[in-house]
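Trainee: Generate coordinates for the sequence data below:
(one chain, ligands or ions: 1)
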Amino acid sequence: MKVDYLIVGAGLTGSVIARSLADAGRDVLIVDRRAHFGGNVHDHAHESGIRIHTYGPHYFRTSSDRIWAFATRFAPFFRYEASLKSLVDGELENWPIAASYIRRRIGEGWKPEFIGRPGNFEEAALSLMPRAIYEKFIKEYNEKQWGVPNATLAASLCTRFDVRLDDEPRLKPDCKHQGIPALGYAHWMQKMVEGIPVLLNFDFLKRRKEIKSARMLIFTGPIDEFFGYDLGKLVYRGQRRQHTYLPDTQIVQPCGQVNNPSHLGGPHIRTLEWKHMMDPQYAGRIRGTVLTTEVPYSPENPADYEYPFPDEKNATLYKAYRQRADGLRRTLVCGRLGEYRYYDMDQAIGRAMMLAEKMLDRTKPPDEPNDIRRP
Ligand SMILES: Cc1cc2nc3c(=O)[nH]c(=O)nc-3n(C[C@H](O)[C@H](O)[C@H](O)COP(=O)(O)OP(=O)(O)OC[C@H]3O[C@@H](n4cnc5c(N)ncnc54)[C@H](O)[C@@H]3O)c2cc1C
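Mentor: Take a look at the predicted model:
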C-alpha cells in the first residue's frame, strides 16, 4: 500500500486534516484501531433509540463562523445550549455557581479566600470564591476527578470554569454557535470523511509494515506510545460509565448533566440524561430514558484515555517527547493525544485546519517518501 498522506486516527483532528487535504486533491488514507469513525466524539444508539455519547457528553460550541460553517457542512445541527446543575446539600444548584447562591450563603460583599498569584489549583479556585463555596462545589468534585489533593494540580485547570456575576444558567452564553448534530455525532463524523479511504480496526503501531510508504505521516494517537514509552508513560484520567434504562419514566433530571460534587453522594462525578441532548423531534417519540453515571479512574489502556493529567511531572515528560516528535522528518504528531492537551471540539477543528493549511502551503504532494516502517 502506498499513499501520499497517511493519517493515523479517525477522530476530529485526523478527519479534519484528511478532509482538508482531500479537498485540495491530495491522496489520503486514514487508519484507526477502533471499530468506528469519529474518535472520542463518537456516539451510539441505545436499544430504545436514545443516543449516548460513547466517551462522555459532547456539547459543540464556537464563536468562529468559519469553524461553524465547516462543522455544519456535513450534517445539520439542532440548537443546544447546555445548562448544568450541581447537587449541593440535597438541592440542584446552577453550575457554574450563580451569584445569588453565593450572596444567599455568604452575604453581600463576599470576598474570595485567596489573594495573590495562585501557585496551584486549590489557590486558583480560592482566588475566585469563598472557602465555603469552594468546599461545596469544587473541592471533592476535583478530588474525585483527579484522585489527588487539589494543591498538587496546576492552577491553569481553573480556567475551565468561572463564578457568575449573575444567575445566567447557560454554560457558555457568549458562544455564538451551539448545537449537536441532529442525527448524532457518529453520522456527522462519517459524513466528514465521505469519499476518503478509511481502514478501521487497524493499529498503525502494530501493522505499520503493511503500509509500504507514505510521504507524510500524521499521527493523532498518544505521543508516548508512538515512541514506545521509552521516556516513561504519560498519565491520563478516564471514566467508567454505567448506563441505566428506565423504560417507564420519560425524564428524570431537569437538564442533561447533574454534577455530584460530594464524596457523600458516591464516587461518581456526574449523572447524564441523554434524552436532553437529542433533537426534541426525535427524543419526544422515544419511550423511557437512559441515565449514565461517570466514575473517574486512571486507565492503562490508551483507548480509555480521556483527560491529560494536569501536573508538572507530566508536563515535563510531554515536553521531552514533543522535542523528539518535532525533530522527525515528514511526521506530524498532533491532536489531543499527540499534544497531550485537552482541546474542545471547535479548538481541535481550528487547529487541524491550520495544520492542514500549513502542509498544503509547504508542499505540492511531498516528493520524498517518509519511511514509516521504522519505529
Ligand atoms: C469526557 C470528555 C468530554 C468532552 N466534552 C466535550 C464537549 O462537551 N465539547 C467539546 O467541544 N469537546 C469536548 N471534549 C473534547 C473532544 O472529545 C476532543 O476535542 C476530540 O476528541 C479531539 O479529537 P482528536 O482527533 O484530537 O482525538 P481522538 O478523538 O482521541 O482521536 C484519536 C484517534 O486516534 C486513534 N488512534 C490512536 N492510536 C492509534 C494507532 N496506533 N493506530 C490507529 N489509530 C490510533 C484512536 O483510536 C482515536 O480514534 C470532551 C472530551 C472528553 C474526554
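
Trainee: Tell me how far Asp166 lies from Glu210.
Mentor: The gap separating Asp166 from Glu210 is 57 Å, by C-beta to C-beta, to the nearest Å. Heads up, the C-betas are built off the backbone N, CA and C, glycines and all.

Trainee: Could you do Arg79 as well?
Mentor: Using C-beta to C-beta, Arg79 is found at 44 Å from Glu210.

Trainee: more neighbours, these two?
Mentor: Glu210 (12 against 9; other C-beta atoms under 10 Å).

Trainee: For the more buried one, give me the pLDDT.
Mentor: Glu210 carries a pLDDT value of 92.

Trainee: what sits against the residue of the stretch 51-200 of the chain found nearest the ligand?
Mentor: Proximity of the stretch 51-200 of the chain to the ligand (C-beta to the nearest ligand atom) peaks at Gly56, 2.8 Å away. Residues near Gly56 by C-beta atoms under 8 Å, 6 or more residues apart in numbering: Asn40, Gln239, Arg241, Leu272, Glu294, Glu306.

Trainee: Check whether Trp188 sits in a helix, strand or coil.
Mentor: State at Trp188, reduced to three classes by DSSP: H, G, I helix; E, B strand; the rest coil: helix.

Trainee: One more: the one 3 residues further on?
Mentor: Remark: Lys191 carries the secondary structure label helix [criterion: three-state DSSP].

Trainee: Equivalent analysis for the one 5 residues further on, please.
Mentor: Taken by three-state DSSP, the conformation at Ile196 corresponds to coil.

Trainee: how about it, phi and psi?
Mentor: phi -100, psi 130 (degrees, to the nearest 10).

Trainee: What of Met216?
Mentor: Geometry field for Met216 lists phi and psi as phi -140, psi 130, criterion degrees, to the nearest 10.

Trainee: can I assume it is in contact with Val8?
Mentor: No - using C-beta atoms under 8 Å, Met216 makes no contact with Val8, being 11.5 Å away.

Trainee: Tyr245: how many residues sit nearby?
Mentor: Neighbour count of Tyr245, defined by other C-beta under 10 Å: 14.

Trainee: That one sits in which helix or strand?
Mentor: strand 236-246 (DSSP states H and E).

Trainee: Please list the residues of this structure that sit near the ligand.
Mentor: Contact residues, the chain versus the ligand (C-beta under 6 Å from any ligand atom): 8-14, 31-34, 39-41, 55-60, 203-205, 220-221, 306-307, 335-337, 343-346, 348.

Trainee: When you filter those residues down to buried only, what's left?
Mentor: Buried by 16 or more other C-beta atoms under 10 Å: 8-14, 31-34, 39-41, 55-60, 204, 220-221, 306-307, 335-337, 343-346, 348, out of those.

Trainee: got a list of what the nearest residue to Ala356 once chain neighbours are set aside touches?
Mentor: If you skip the residues right next to it in sequence, Ala356 has Ser20 as its closest partner in space, 3.5 Å away by C-beta to C-beta, 6 or more residues apart in numbering. By C-beta under 8 Å, 6+ apart, the contact set of Ser20 is Ala352, Met353, Ala356, Glu357, Leu360.

Trainee: Scan those residues and report the most crowded one.
Mentor: Using other C-beta under 10 Å as the neighbour test, the contacts of Ser20 are led by Ala352, with 26 neighbours.
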